Every structure is written in structure tokens, then in C-alpha cells.
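fold the following, please.
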Amino acid sequence: MSIIRKVTCHAVSAPIARPFTSSRGWLYKTRGSCIVEIETQDGIVGWGECYGPAHVAKAFIDTQFGPRIIGRDAFDVEVIWEDLYNRIKDYGSSGMAIAAISGIDIALWDIIGKSCGKPVHKLIGGAYRDTVQAYATGLYFIDMDRLIEEAVEEAQGYVEDGFTAVKMKIGLGSPKLDIARVAAVRKAIGDDIRLMVDANHCFSVPAAIRLGRELEQLNVEWFEEPISPEDLDGYVEVSRALDMAVAGGENEYTRWGFRDIVARKAMDIVQPDVCAAGGLSECRKIATLAIAHGVECVPHAWGSIIGVAATLHFIAALPDQPPSFRPMPPLFEFEQCENPFRDDLGMEPIVQERGIVAIPTGPGLGIDINRKVLEKYTT
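As a prediction, this is how the structure comes out:
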């Protein structure tokens, strides 16, 4: 049995050379994460990651969750999940507590895979695909004097790198400027490249609908987080008013958080993050819930190589939505902003070739962690 012996949290942070911002307004000057390391009595080490402020997740795990799982069998992964959730839900059933559980859950699946000598996707249902099409997430706001020019140059760079789909940020406080920026990118990359936009929930319902109708004329594939995540009725309005898909859910947690979203079809695409919404165990349930209601599941991804690998295994085990002769498999969000934990934390990076990323095939998550990088950036 893989009995848990030790749980260690590594809060890591690294400065970035080119700070960037989105419609939320705050400036990203660093990249960071909470990396979870779980060791068993037989020496197997599993790795997980928690979305959000690293020291908050670390506090939850160090004081609440970590001591509670010592001596437990890692193979009881969903039993452990339910125990941790029920331990904390009196104090809040979403947010950082669930992100902390997510990191533990991912690490346990990594242990299970390594114990069995199988990749995680083989243990959560099998692989519908061994590669996945990636889209490049980027085009944040960096140079406020060259907002259109920098977006065009960055988008063209992704296309030159082989990406066939790109997601860009909008929400500059001026609908005309947003449309001009999207129109310039569309012209530069051509009609054959899939283009999505992400507003980071900065618009009101009427503003989102007005802007969305203009974005539809530019062949935008989906409008991500047009309005505040708390406004479920508003999402229903926006989704019904627009022909293009409306996406969201990266700020939601657990099957209970997604229940009304999918039952009411408030969004066409839900985007749970495996490092936030409850880990692989819970995201499988969220995806099943979505598919049962005819809602697509395209996971959000923003993190280190651990989160990237976990997301790829999750996508590998997702069926085509819907199945068809020439299906449209779920896309993989390959965020492209500067991030040493995505690029350097693994002994071998996960890369894309002509917009395609291979699903890891090694045991567990299929990655090896570079402890020198971990130690260098631990705060």
C-alpha cells in the first residue's frame, strides 16, 4: 500500500522581465505557485499544484489538510477528497480551500500512477487521444502606447510558431479600442486561425451583448468571462443573446459550484481548472455533469508544468463533445506568458509542435521535477 508519510508545500515565486496586465487592472510582476509534494512510506513522490496565492494554499495544507492525510493510503484518493472537503466546508465550500485540496488530489493521482507504472489518463478512463490541439493564450496589455501593434506582433508570432488557435485579452475600457485591436489581430492572422477573446469578467450584461455582436462579425469563436462570475442570470442573458459561444467557470469550484451553470446552460463552454476546482477527481465529475447537459468542457490552465501535465491527462480522458465523424476535440490552453515554472521546473519541458501537444505517457503525471529550480524560487 502507498501510505502517505510526508506532505510538503513549496511556495515559489519568480520575477518576470515584462510585466503585463489584463482588464482586472493589476500588474503581474511575478509568477508563483504552491507546489505540493507528497511522499509515501515506500519512497514514491507525487506532485500537485494549487491555483492562486501560494501562501494561502500552503496555510490550508500545513494547518488543516496535510496532517489529516498522514497515514492514509494514497489509493483512497476520492475518499480523502470527501474527507477534506467535509472538514472545511463549514468555513467555505469554494475558493482557496478547494484549490488546496486540488493540489493534494493531483499529487495523489501522480502517486497512484507511479505505483501502477501507468500514466494518470489510463487510470481515469483511458485516452481518447494521444495528442491535443493547443491554443496560445496571451496578448495581454504591456505597452499602453502600442496596444494594437503589440497584439498584432504577438499573434503573428504564435502563428509562426505553429499555433492554429489564439486567445487574446480585451477589456481596455473602450469598446472601440477593443474592437479595433481584435480586428487588427484577425486581419493579421487570417480567417483560418481560430480566435477567442477573454474579458476577465469586466463588462456589464448590456455592454457584453453589444460588444459580443461586433465580435461575431470578426469570426471570434468564443467570448470568455464577459461578465462577473457571480451573475448567473446575466450569463444566461448573454448566452441567449449571442450566436457565438460564451465561456467561463475558471473562478468556480466543485460539482456543486458548476451544477446550476450547466443545468441552466448559462455558458456554452465551462472551464474548470484542475488546480483550482477540486483536482482531477472533481473535474471528472464536473465534465460528466457538463456533457450530460450538452455543455462543452474546455479546461482553464494557468500554472507550472505540474498543472500543464495534469490538464493534459484530464483532456486525454475527455470524450469528443459531441462525438461525430469529424469531431472537434477539446482544446488545450497553452498559456504563453513568461513563466519559469512552466518552462524550467520540469527536467524536460512540455512543448507544442505546429499547435499540437503530446499527452505525457510516463507513469503518473509523466514529468520529473528539477529540485534545483524548486529550491531557487522557494520563498
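
so where do the helices sit in the stretch 251-379 of the chain?
254-263, 279-292, 305-316, 340-343, 371-377 (DSSP state H, counting those that start in this stretch).

format those as a markdown table; extra columns: mean neighbour count, distance to residue 42 and mean pLDDT.
The C-beta positions use only the backbone N, C-alpha and C, and glycine is treated the same way. Formatted as a markdown table, those follow (neighbours: other CB atoms under 10 Å; distance: least, CB to CB, whole Å; pLDDT from 0 to 100):
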| stretch | mean neighbour count | distance to residue 42 | mean pLDDT |
| --- | --- | --- | --- |
| helix 254-263 | 19 | 31 | 98 |
| helix 279-292 | 22 | 22 | 98 |
| helix 305-316 | 28 | 21 | 98 |
| helix 340-343 | 20 | 28 | 97 |
| helix 371-377 | 15 | 20 | 97 |
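
residue 90 is nearest to which of these?
helix 254-263 (14.5 Å; CB to CB).

how much does the closest one deviate in direction from helix 279-292?
Per axes from the mean of the first three to the mean of the last three CA atoms, to 10 degrees, the angle that helix 254-263 makes with helix 279-292 is 20 degrees.

list the buried residues of stretch 29-44.
Residues 31, 32, 33, 34, 35, 36, 37, 38, 39, 40, 44 are the ones in stretch 29-44 that count as buried (16 or more other CB atoms under 10 Å).

next, give phi and psi for the third one.
Dihedral pair for residue 33: phi -170, psi 160, per degrees, to the nearest 10.

find me the pLDDT at it, would you?
If you check residue 33, the pLDDT there is 98.

next one: it from residue 370, what distance?
14 Å (CB to CB, to the nearest Å).

what of the fifth one?
As defined by CB to CB, residue 35 lies at a distance of 12 Å from residue 370.

TSV please, covering the helices of the stretch 251-379 of the chain and showing distance to residue 349.
Formatted as TSV, these follow (distance: least, CB to CB, whole Å):
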stretch	distance to residue 349
helix 254-263	31
helix 279-292	21
helix 305-316	7
helix 340-343	6
helix 371-377	11
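
just the strands in the stretch 101-250 of the chain please.
Secondary structure of the stretch 101-250 of the chain (DSSP state E, counting those that start in this stretch): strands located at 131-137, 165-169, 194-198, 220-224, 245-248.

could you give the number of residues near residue 142?
16 (other CB atoms under 10 Å).

ok, the closest residue to it other than its chain neighbours - contacts?
Nearest non-adjacent residue to residue 142, counting by CB to CB, 6 or more residues apart in numbering: residue 20, 5.0 Å away. Neighbouring residues of residue 20 by CB atoms under 8 Å, 6 or more residues apart in numbering: 27, 28, 140, 141, 142, 337.

ok, so of those, who is nearest residue 357?
Closest to residue 357, out of all of the contacts of residue 20 and judged by CB to CB, is residue 337, at 17.0 Å.

contacts only, for the closest one.
16, 20, 28, 31, 137, 138, 140 are the contacts of residue 337 under CB under 8 Å, 6+ apart.

turn the strands of the stretch 101-250 of the chain into TSV, columns for mean neighbour count, mean pLDDT and distance to residue 64.
As requested, the strands of the stretch 101-250 of the chain are arranged in TSV below (neighbours: other CB atoms under 10 Å; pLDDT from 0 to 100; distance: least, CB to CB, whole Å):
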stretch	mean neighbour count	mean pLDDT	distance to residue 64
strand 131-137	23	98	32
strand 165-169	24	98	35
strand 194-198	24	98	33
strand 220-224	24	98	32
strand 245-248	24	98	29
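
which one of those lies closest to residue 341?
Here strand 131-137 is closest among the strands of the stretch 101-250 of the chain (CB to CB), at 15.7 Å.

contact partners of that closest one?
Under CB under 8 Å, 6+ apart, the answer for strand 131-137 is 158, 161, 163-167, 194, 196, 198, 312, 315-316, 329-337, 352, 355-359.

relative to strand 220-224, how tilted is that strand?
Using the same axes, to 10 degrees: strand 131-137 against strand 220-224 is 70 degrees.

could you give the angle of strand 131-137 to strand 165-169?
30 degrees.

direction included, what does strand 131-137 pair against?
Using DSSP bridges, strand 131-137 pairs in its sheet with strand 165-169 (parallel), strand 332-335 (parallel), strand 356-358 (antiparallel).

mind putting the strands of the stretch 101-250 of the chain into a markdown table with distance to residue 293?
A markdown table is the format used below for the strands of the stretch 101-250 of the chain (distance: least, CB to CB, whole Å):
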| stretch | distance to residue 293 |
| --- | --- |
| strand 131-137 | 23 |
| strand 165-169 | 24 |
| strand 194-198 | 22 |
| strand 220-224 | 17 |
| strand 245-248 | 15 |
